[in-house]
Every structure is written in C-alpha cells, then in structure tokens.
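Asker: I'd like to go over a predicted model; first the sequence, then the structure.
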Amino acid sequence: MEPAPAAQGGTAPERGSLRTSVALEGTAGIAEARRAADAFLARARTEHGVFVSQRAWDLTRLVVSELVTNACKYAPGPALMDLLLHGGTVEVAVWDSGPELPIARAADAGRVGQHGLEIVMAVAQGFEARREPVGKRIIVRLSLEDDPHDVVPARRLG
C-alpha cells in the first residue's frame, strides 16, 4: 500500500507519481479501503503539499465506499483498489472479478437502495466502466478543489 516515490525538491508530484494500490477481501475491505483513501489523501497533503479540500476528502471516501461495497456485494473473490493523483484530481479505480458492467438506474425517489452509482456519477468529474480480461474496472475522477461548480457529473473519461 506504499505510494510511488514523489518528485524531488519539495515540489508537487508530477502527474501519476503519487499512487497506492490495495487488495481487498470481503466486507472488511470496505473499511480498509476508506482507511487507505484517508492515508493516501493525508500523504498528498502533508508530504507533497497538495491541496485537498474537506469536500474532496469526504467525496473520495464516499466514492471509495460505494465502489468497494458494490465489488464486495456483486462480484466473487477479492477486489483491488488503486488511487492516483492526477494534477488537481484524485482517480479512484476499483477492479473486481464480476463481468457485468454497472448501469445507473433512472432516478426513483421511491426505490429503496441501489442509488450508489447515481451518487457516484453525480459527484464525479469523470466516470468509466470497462471490461478487463478478467472482470471489470470502474474508474472515477474527483476534483480536489472545493468549488462544486467545477464538477461536471458523469462525464466519461478518456
């Protein structure tokens, strides 16, 4: 769970230089994923001087919780989570062994549960769901800034 080395000289890390990966197993993986996200964002702040707003911190924890919960709930076996710093964003990627890509359902205030993907897409700057040779990977990009007007919901990455 150790991020890649940062840029030298006290400057902010270059794109993609701050990264962490963690293997997750079962429902205990949800709390472990949140702890890993907290440690990653703390390291970005304290060791690399990256601004991370409280809103971004909270949304990152929310997205991590939703994606890992879905992986634990709908896919057999372990899951993998990667966190990557991309300039002014954090990228959260969760891989699981389930082949089915998630589909956001139409808004329905009467529906109990199954709103997680809707929430994730509403707060994300970018969203991608793609099949892998085994399973699938869900990638979400979130702004580290406070301004919610900078967020364009559910824009596809790439």
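Answerer: Happy to help now that I have it.
Asker: Tell me how far residue 34 lies from residue 64.
Answerer: The span separating residue 34 from residue 64 equals 6 Å under the rule CB to CB, to the nearest Å. For glycine as for every other residue, the C-beta is placed from the backbone atoms N, C-alpha and C.
Asker: repeat for residue 18
Answerer: Using CB to CB, residue 18 is found at 16 Å from residue 64.
Asker: Looking at residue 34 and residue 64, which one has more neighbours?
Answerer: Here residue 34 and residue 64 are compared on neighbour count by other CB atoms under 10 Å; more neighbours surround residue 64, at 25 against 16.
Asker: per-residue confidence for that one?
Answerer: Residue 64 is assigned a pLDDT of 97 by the prediction.
Asker: Quick check: buried residues in the longest helix seen in the chain?
Answerer: Longest helix in the chain, counting residues (DSSP state H): helix 54-74. Taking 16 or more other CB atoms under 10 Å as the neighbour-count basis, helix 54-74 is seen to contain the buried residues 55-57, 59-72.
Asker: from the chain's centre, how far out does the helix or strand that comes right after that helix sit?
Answerer: Towards the C-terminus, the helix or strand next in line after helix 54-74, according to DSSP states H and E, is strand 79-86. Mean C-alpha position of strand 79-86 versus that of the full chain (CA atoms, centre = their mean, to the nearest Å) differs by 6 Å.
Asker: Run me through the strand neighbours of strand 79-86, direction for each.
Answerer: With DSSP bridges as the test, strand 79-86 is paired with strand 19-24 (antiparallel), strand 89-96 (antiparallel).
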